[in-house]
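Asker: Kindly return the folded structure for what I paste below:
(2 chains)
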2 protein chains.
Amino acid sequence: MARLEQIGFLGFDVFGTVVDWRNGVARAAAPFLQRHGVDVDPLDFADQWRGLYQPSMQRVRAGERPYVTLEVLNRESLETVLARHEVDFGSIPDAELVELNKAWERLDPWPDSVAGLSRLKRRFSIGTLSNGHIAGMLNLAKFGGLPWDVIVGAEIAGTYKPMPQTYLKSAKAVGLEPHCVAMVAAHNADLTAARANGFKTVFVRRPAEHGPGQTSDLSAEQDWDVIVDSLTEAADALDC
Amino acid sequence: MARLEQIGFLGFDVFGTVVDWRNGVARAAAPFLQRHGVDVDPLDFADQWRGLYQPSMQRVRAGERPYVTLEVLNRESLETVLARHEVDFGSIPDAELVELNKAWERLDPWPDSVAGLSRLKRRFSIGTLSNGHIAGMLNLAKFGGLPWDVIVGAEIAGTYKPMPQTYLKSAKAVGLEPHCVAMVAAHNADLTAARANGFKTVFVRRPAEHGPGQTSDLSAEQDWDVIVDSLTEAADALDC
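Answerer: Below is the predicted model of the structure:
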């Protein structure tokens, strides 16, 4: 197993890799959906909302729209999903929509995340390298006890993964060359982009991210430097 | 004592407020000065280097120079100080100057800092709101065990304190209105600017920052919201 001798910083994908967005969003959505008589399973609602995540970033990535935070994109996606369910979201008090949007800042870590990060932090600097914004990452850390040293990623870079600048500006912000940084993610596409920009790679299998029917990212699609099933196993593999 | 009920984030000045730059820089400079036969007391050398800190930021603040990190400014100031001592710094291997410049990332926290921050972190989000750059703040945190939740300040803002944007963009980055943020600093001028931008203020007396002959910032020059002698005392005052 590669020990990543030269690595000084581990940058983590967060949604899906460190925290369980699906159950957390469903938990927050359930009372809202009931209150407004929306007849949809909260887990399906979470899937539908998350389904707009990648497309929502596309215009920013393409440079067709200035960078806006994921909070802004998530809110737009929320309105889109509500409209699809024929909810007149304009008639719902803004404070309720703001509150529901905060679901993305109140997600439980996977059971191994806090223990794994706490161990990895002894040897490496650790931080988020997520498409989430700084305040969202901060609030998620406070909610779940995630012991980040620093928050880099999309907001620092002014664009979204997998655009190269997201990785490169994050590495620069922590003062390291790309080959001294490892990306930790449950998504092969994230690691593909990270590797293309010179990062080392750690793949964490999260077969329940999308629930029992998950079909994507069930296994490593390349020879990532480290391949594990949890962050505690990552700590084992990296001698932390 | 004000309890800062509305505050969600404490932003800390770092050099002087949380860490002891003077003894740390002198410690790193001593072998360098001896090796190169520079006849100056290492503590005086630290004072001279630090003496160029405020002037070095001035052109960036004035918009006459694009933002560069404090690492760049510190390196320039180092060369200036060496030149004043008639050292031909161009003949010194670059790696040695890089290494000496890293002194600013290896400074001991004041004795109360880690304990105080650890307590404050239970109730508040805490982070650096310093003129230091992200990598420098990160490395300083790893060196001294400073438990920051997030690093904001000059690099996020693209300018230096006391320019308003440094405070305002930092508050925005952590997702809060200025009146929900408190600046914690040992320097009256920093708090004056923070207050002018709507922040709450916590003054920490650090009468040894500049050594035994210190003449500045020995006491609070305004009615800051909280006035204390250490970060553990700040935790007491804020019921942490």
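Asker: Return the residues in contact with residue A:129.
Answerer: A:11-13, A:152-153, A:161, A:166-167, A:170, A:183 (CB atoms under 8 Å, 6 or more residues apart in numbering or on different chains). C-beta: built from backbone N, CA, C; applies to glycine.
Asker: Among the residues you listed, which are located in strands?
Answerer: A:11-12, A:152-153, A:183 (DSSP state E).
Asker: tell me which of those is nearest to chain B?
Answerer: Using CB to the nearest CB, the shortest approach to chain B within these belongs to residue A:152, at 7.4 Å.
Asker: what about the closest one, how many residues close to it?
Answerer: For residue A:152, the count of nearby residues is 28 (other CB atoms under 10 Å in any protein chain shown).
Asker: partner residues bridging it?
Answerer: Under DSSP bridges, the beta-bridge partners of residue A:152 are residue A:129.
Asker: State the pLDDT value of it.
Answerer: pLDDT, residue A:152: 98.
Asker: quick one: it and residue A:176 touch, right?
Answerer: No - contact criterion CB atoms under 8 Å: residue A:152 and residue A:176 do not qualify, at 10.8 Å.
Asker: got the CA positions of the lowest-mean-pLDDT helix or strand in chain A in PDB?
Answerer: In chain A, no helix or strand scores lower on mean pLDDT, DSSP states H and E than helix A:53-61, which sits at a mean of 94. Output in PDB follows, covering the C-alpha atoms of helix A:53-61 (Å, rounded to 0.1, in the frame of the first residue of the first chain):
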ATOM      1  CA  TYR A  53     -26.200  19.300  -8.200                       C
ATOM      2  CA  GLN A  54     -23.900  18.600 -11.100                       C
ATOM      3  CA  PRO A  55     -26.000  20.400 -13.700                       C
ATOM      4  CA  SER A  56     -26.300  23.500 -11.500                       C
ATOM      5  CA  MET A  57     -22.500  24.000 -11.500                       C
ATOM      6  CA  GLN A  58     -22.100  23.600 -15.200                       C
ATOM      7  CA  ARG A  59     -22.600  27.200 -16.300                       C
ATOM      8  CA  VAL A  60     -20.100  28.400 -13.700                       C
ATOM      9  CA  ARG A  61     -17.600  25.800 -14.800                       C
END
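Asker: these two touch, right, residue A:142 and residue B:150?
Answerer: No - the pair residue A:142 / residue B:150 is not scored as a contact, 9.8 Å apart, by CB under 8 Å.
Asker: Overlap of the contact sets of these two?
Answerer: residue B:125.
Asker: With neighbour numbers in mind, choose between the two.
Answerer: Neighbours per residue (other CB under 10 Å) separate residue A:142 from residue B:150, with residue B:150 holding more: 29 against 17.
Asker: residues touching that one, list them.
Answerer: Contacts of residue B:150 (CB under 8 Å, 6+ apart): A:134, A:137-138, A:148, A:150-151, B:125, B:127, B:173-174.
Asker: Quick one: residues in contact with stretch A:14-28.
Answerer: Stretch A:14-28 has contacts (CB under 8 Å, 6+ apart) with A:12, A:42-43, A:45-47, A:49-50, A:53, A:100, A:102-104, A:106-110, A:113, A:117, A:128, A:130-132, A:137, A:140, A:144, A:146, A:184-187, A:204, A:206, A:208-211, A:231.
Asker: Just the buried residues from the residues you listed, in PyMOL please.
Answerer: Of the contacts of stretch A:14-28, the buried ones can be selected in PyMOL as follows, counting by 16 or more other CB atoms under 10 Å in any protein chain shown:
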select buried, chain A and resi 12+42+43+45+46+47+49+50+53+100+102+103+104+106+107+109+110+113+117+128+130+131+132+137+140+144+146+184+185+186+187+204+206+209+210+231
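Asker: Out of the contacts of stretch A:14-28, list just those in strands.
Answerer: Going by DSSP E, the strands hold A:12, A:128, A:130, A:184-185, A:204 from those.
Asker: Distance of residue A:67 relative to chain B?
Answerer: 13 Å (CB to the nearest CB, to the nearest Å).
Asker: Now do the buried residues in stretch A:196-215.
Answerer: By 16+ other CB under 10 Å, the buried positions in stretch A:196-215 come out as A:197, A:199-206, A:209-210.
Asker: typo on my end, stretch A:86-97
Answerer: A:87, A:89, A:92, A:97.
Asker: Run the contact check for it versus chain B.
Answerer: No - judged by CB under 8 Å from any CB of the partner chain, stretch A:86-97 and chain B are separated, with a smallest distance of 15.4 Å.
Asker: In CSV, list the C-alpha atoms belonging to that stretch.
Answerer: The C-alpha coordinates for stretch A:86-97 follow below in CSV (Å, rounded to 0.1, in the frame of the first residue of the first chain):
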residue,chain,number,x,y,z
GLU,A,86,-46.2,21.6,-8.6
VAL,A,87,-45.4,23.4,-5.4
ASP,A,88,-45.9,27.2,-5.6
PHE,A,89,-42.6,27.9,-3.9
GLY,A,90,-43.2,31.7,-4.2
SER,A,91,-46.0,31.4,-1.7
ILE,A,92,-43.8,29.7,0.9
PRO,A,93,-42.1,32.1,3.4
ASP,A,94,-38.5,32.7,2.3
ALA,A,95,-37.3,31.8,5.8
GLU,A,96,-38.7,28.3,5.4
LEU,A,97,-36.8,27.8,2.1
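Asker: so how far is that stretch from its chain's centroid?
Answerer: Put simply, stretch A:86-97 sits 26 Å off its chain's centre (CA atoms, centre = their mean, to the nearest Å).
Asker: same check, this time on stretch A:163-180
Answerer: Mean C-alpha position of stretch A:163-180 versus that of the full chain (CA atoms, centre = their mean) differs by 17 Å.
Asker: do it and chain B meet at all?
Answerer: Yes - judged by CB under 8 Å from any CB, stretch A:163-180 and chain B are in contact via A:173-176.
Asker: burial count for residue A:44?
Answerer: Counted with other CB under 10 Å, the neighbours of residue A:44 add up to 12.
Asker: Contacts only, for residue A:203.
Answerer: Going by CB under 8 Å, 6+ apart, residue A:203 touches A:185-186, A:188, A:191, A:220, A:224, A:226-228.
Asker: where exactly do the helices run in chain A?
Answerer: Ranges of helices within chain A are A:21-35, A:42-51, A:53-61, A:70-84, A:94-101, A:113-123, A:134-144, A:154-157, A:164-173, A:188-196, A:231-237, based on DSSP state H.
Asker: other SSEs contacting the shortest one?
Answerer: The helices and strands touching helix A:154-157, judged by 3 or more CB pairs under 8 Å, 6 or more residues apart in numbering or on different chains; DSSP states H and E, are helix A:164-173.
Asker: Residue numbers of chain A in contact with chain B?
Answerer: Applying CB under 8 Å from any CB, we find that chain A lies next to chain B at A:71, A:125, A:127, A:133-139, A:141-142, A:147-152, A:155-156, A:173-176.
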